[in-house]
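Asker: Take a look and give me a structure for this.
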Amino acid sequence: MTDFQFKEWYGVDDLLEVMKILRSPEGCPWDKVQTHESIRMDFIEETYEACDAIDKGDTDLLREELGDVLLQVVFHCRIEEEQGHFGFYDAVNELTHKLIERHPHVFGEVKADTVGEALSSWNNVKQQMHGQKTYTDTLKGVSTAFPALMRAAKVGKRAARAGMDFPDAASALVSLESEIAEVKSADEEHLAEELGDMLFSAVNVVRKYGYDPELLLTRSTEKFIDRFEKTENMIGCEGKSMDSLDIDTLDLYWEKAKKL
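Answerer: Predicted coordinates:
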């Protein structure tokens, strides 16, 4: 048994020590065999669960989920430390330097009195730090690991910095209508490509209206689930099953559910 000191209140150093023990030869059989790749999806899932806690406005849940996100950070740092590359405090040090360097309007002589000026300053420094010399470099810098909807919105937003953007939402809508027309006329060979173009255009429309497409689609999905549940409940109350009804009948119940 480890001589780890049990406490009522643990700090960051205690967390790092626990992770070290879990990864040790005498530690947990599961923890000590994990790699960056094997827990990659865990990192993504924990981040989404933290976002879910924010959406729910649940402070207690958020505290727990942020702890789970921190666990992933500590886990990956420990794996790197075992390989002699870097540790948790190296990541902290680099982050602190980055925050200072990317806020010259706070820690330097650059002037930024508005949110827009602050964001412009941040982006300029970020572009220099990443060695991005062209606008294309900034587009390629959008992580391919992002959900496709989020990545499309970020690419569109960065393209707008170069002036490659619709003048307004109405113009973006016209482009979307054009893409829909192309989908309708596409042959089987080009259908998938045209469908992708249509989705990308839809993201641009949402962006030009000033909304986050990822957030709006999430809300619409939740709305669909809610109406689906109401529809199923109505049908169930009549002793029927959804899969026993044709689509026209289901649509009638669906319209009733929308009014509830």
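Asker: Which residue ranges make up the domains of this protein?
Answerer: 12-101, 215-258 (automatic domain parsing).
Asker: so can I have a markdown table of those showing distance to Ser120, mean pLDDT and mean neighbour count?
Answerer: Using the backbone N, CA and C atoms, a C-beta is placed for each residue, glycine as well. Below are the domains of the chain laid out as a markdown table (distance: least, Cβ to Cβ, whole Å; pLDDT from 0 to 100; neighbours: other Cβ atoms under 10 Å):
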| stretch | distance to Ser120 | mean pLDDT | mean neighbour count |
| --- | --- | --- | --- |
| domain 12-101 | 15 | 95 | 14 |
| domain 215-258 | 24 | 94 | 12 |
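Asker: export these to TSV and tack on distance to Leu191?
Answerer: Below are the domains of the chain laid out as TSV (distance: least, Cβ to Cβ, whole Å):
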stretch	distance to Leu191
domain 12-101	30
domain 215-258	22
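Asker: And these: which comes nearest Met129?
Answerer: For Met129, the closest of the domains of the chain is domain 12-101, at 6.9 Å, according to Cβ to Cβ.
Asker: Nearest to Asp113, out of the domains of the chain?
Answerer: Using Cβ to Cβ, those put domain 12-101 closest to Asp113, at 19.5 Å.
Asker: How far does the closest one stretch from one end to the other?
Answerer: 25 Å (Cα to Cα, to the nearest Å).
Asker: circling back to that earlier point, please name whichever of the domains of the chain is nearest to Val174.
Answerer: Among the domains of the chain, domain 215-258 sits nearest to Val174 (Cβ to Cβ), with 20.1 Å.
Asker: That closest one spans what distance, first to last residue?
Answerer: Domain 215-258 has an end-to-end distance of 21 Å (criterion: Cα to Cα).
Asker: residue boundaries of the helices in the stretch 101-250 of the chain?
Answerer: Remark: helices assigned in the stretch 101-250 of the chain by DSSP state H, counting those that start in this stretch are 104-107, 115-129, 135-140, 148-161, 169-185, 188-208, 213-237, 247-258.
Asker: Pipe those helices into TSV and attach distance to Asp68 per row.
Answerer: Below are those laid out as TSV (distance: least, Cβ to Cβ, whole Å):
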stretch	distance to Asp68
helix 104-107	31
helix 115-129	28
helix 135-140	31
helix 148-161	21
helix 169-185	38
helix 188-208	30
helix 213-237	20
helix 247-258	36
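Asker: Can you say which of the ones you listed is nearest to Ile44?
Answerer: helix 148-161 (12.2 Å).
Asker: tell me what that closest one is packed against?
Answerer: In terms of contacts (3 or more Cβ pairs under 8 Å, 6 or more residues apart in numbering; DSSP states H and E), helix 148-161 is packed against helix 135-140, helix 188-208, helix 213-237.
Asker: Name the residues that touch the helix or strand Leu66 falls within?
Answerer: Following DSSP states H and E, one finds Leu66 within helix 59-82. Contact partners of helix 59-82, identified using Cβ atoms under 8 Å, 6 or more residues apart in numbering, comprise 15-16, 19-20, 23, 34-36, 39, 42-43, 46-47, 49-50, 52-54, 86-88, 90-91.
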